[in-house]
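Student: model this:
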Amino acid sequence: MAENKKVSTVSFFNSRLTSVISIALVLFLLGLILLMGLLSNKLSVYVKENIAFSILLKDNQKEADIKRMQKSLDALPFIKSTEYISKEQAAKELEEELGENPETFLGFNPLQASMEVKLHSEYANPDSLKLIEKQIRTYTSVTDLLYRKDMMEMVHNNMKRVGIILLTLAVVLMCISFVLISNTIRLLIYSKRFLIHTMKLVGATPGFIRRPFVRYNVISGIFASILAILMLTGALYYLQNELKGFIQILDVQSLLIVYAAVLGLGILLSVVATIFAVNKYLRMGVDKLYYI
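Tutor: You can find the predicted model right below:
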């Protein structure tokens with residue numbers, strides 16, 4: 001009797017451990033997709049907000065007029081930051097790049113004073129830039145605008161493409177995850193199918209029958225989520241050691257969102273899969289239970 005109880009306990013532990021590990025692996029993959037999505041979004045914002053364009057200014061502008069214009073630009077909702085570059089500073093930067101001052105062989109400074117402007121990420125796209133350019137050209141001090149339109153279009157299109165790919169992967173993986181978790185839970189409940197039928201015969205309601213199975217698998221889902229979070233943390237630690245500065249792209253709030261999403265998905269998928277699995281056996285007649 002004691003030996004049978006011991007075998008039953010070991011079997012129960014092994015089945016639960018297998019279930020937790022299976023669900024954890026699926027949640028780990030889901031967490032990776034979520035992290036990749038957040039990373040791509042952070043990188044997109046970083047790249048877009050660091051692509052500057054130059055506003056070329058007319059010569060002989062008064063310093064007070066330039067400061068007034070810069071203050072006006074900084075107040076615009078789509079501009080993140082501005083930096084004034086004088087003719088002398090522009091010549092110095094060119095000298096550092098070329099190794100020779102243009103005034104030495106030309107006899108004068110051919111460069112114009114300019115205003116380096118960086119936009120907020122949501123405005124750094126081709127459609128918004130057309131409207132922004134039109135508005136900036138209304139300033140009387142402006143002679144021209146210089147920016148890499150092709151680069152901005154490339155960044156915008158590539159980030160959009162990456163977003164669609166990651167969203168598609170997330171949806172596909174979510175469906176696969178539900179199927180895998182559902183099959184894992186169904187196998188656990190399979191051995192209890194006659195118990196479910198017996199409870200149904202004695203008048204137990206479907207909700208009463210489902211409750212212990214849901215509670216059992218919610219606990220398994222929580223353990224699986226914790227294991228998946230530990231695996232994600234280990235993966236991030238490894239990436240940080242291999243790619244210095246990698247972890248700085250993700251802030252603590254973003255990581256907490258991913259961890260909370262993994263925990264929530266672990267519980268949600270476990271509950272939904274359990275309800276589907278138990279309902280399957282609730283609808284079956286006793287004769288079918290012997291042939292599945």
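
Student: what bits of the stretch 1-150 of the chain have low per-residue confidence?
Tutor: For the stretch 1-150 of the chain, the stretches with pLDDT under 70 are 1-15, 94-95, 97-110.

Student: so Ala224 makes contact with Thr18?
Tutor: No - applying C-beta atoms under 8 Å, one finds Ala224 not in contact with Thr18, separated by 11.0 Å. Using the backbone N, CA and C atoms, a C-beta is placed for each residue, glycine as well.

Student: Give me the most central residue, the chain.
Tutor: Residue closest to the mean C-alpha point of the chain, counted by C-alpha atoms, centre = their mean, is Leu38 at 2.1 Å.

Student: the strands in the stretch 1-150 of the chain, which residues?
Tutor: Using DSSP state E, counting those that start in this stretch, the strands found in the stretch 1-150 of the chain span residues 52-57, 79-85, 114-119, 142-146.

Student: Alpha carbons only: can I get stretch 147-159 in CSV?
Tutor: Only the C-alpha atoms of stretch 147-159 are listed here, as CSV (Å, rounded to 0.1, in the frame of the first residue of the first chain):
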residue,chain,number,x,y,z
TYR,A,147,18.6,66.3,-44.7
ARG,A,148,19.0,62.7,-45.9
LYS,A,149,15.5,62.0,-47.2
ASP,A,150,16.5,58.6,-48.5
MET,A,151,18.0,57.6,-45.1
MET,A,152,14.9,58.6,-43.3
GLU,A,153,12.7,56.7,-45.7
MET,A,154,14.9,53.6,-45.4
VAL,A,155,14.9,53.7,-41.6
HIS,A,156,11.1,54.3,-41.5
ASN,A,157,10.4,51.4,-44.0
ASN,A,158,12.8,49.0,-42.4
MET,A,159,11.4,49.6,-38.9
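
Student: May I see the buried residues of it?
Tutor: For stretch 147-159, burial by neighbour count (16 or more other C-beta atoms under 10 Å) applies to Tyr147, Met152, Val155, His156, Met159.

Student: what's in contact with that stretch?
Tutor: With contacts defined as C-beta atoms under 8 Å, 6 or more residues apart in numbering, stretch 147-159 is touched by 40, 43-44, 47-48, 51-54, 124-126, 129.

Student: Compare those and tell me which is most surrounded.
Tutor: Ala124 (24 neighbours; other C-beta atoms under 10 Å).

Student: about what we covered before: between the contacts of stretch 147-159, which is closest to Met174?
Tutor: Taking C-beta to C-beta as the measure, Met174 sits nearest to Ser40 out of those, at 17.7 Å.

Student: Quick check: closest non-adjacent residue to the residue nearest to the centre of the chain.
Tutor: Ser254 (5.1 Å; C-beta to C-beta, 6 or more residues apart in numbering).

Student: isn't that neighbour right up against Val45?
Tutor: No - counting by C-beta under 8 Å, Ser254 does not reach Val45; the two are 11.7 Å apart.

Student: still on that earlier bit, which of the buried residues of stretch 147-159 fall within strands?
Tutor: Within the buried residues of stretch 147-159, no residue falls in strands by DSSP state E.

Student: Make a markdown table out of those residues and add distance to Met199.
Tutor: Putting the buried residues of stretch 147-159 into a markdown table (distance: C-beta to C-beta, whole Å) gives the following:
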| residue | distance to Met199 |
| --- | --- |
| Tyr147 | 71 |
| Met152 | 64 |
| Val155 | 60 |
| His156 | 59 |
| Met159 | 54 |
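
Student: of the residues you listed, closest to Leu167?
Tutor: Nearest to Leu167 among these, counting by C-beta to C-beta, is Met159 at 12.5 Å.

Student: gap between the closest one and Phe53?
Tutor: 18 Å (C-beta to C-beta, to the nearest Å).

Student: and what of Asn217?
Tutor: 55 Å.
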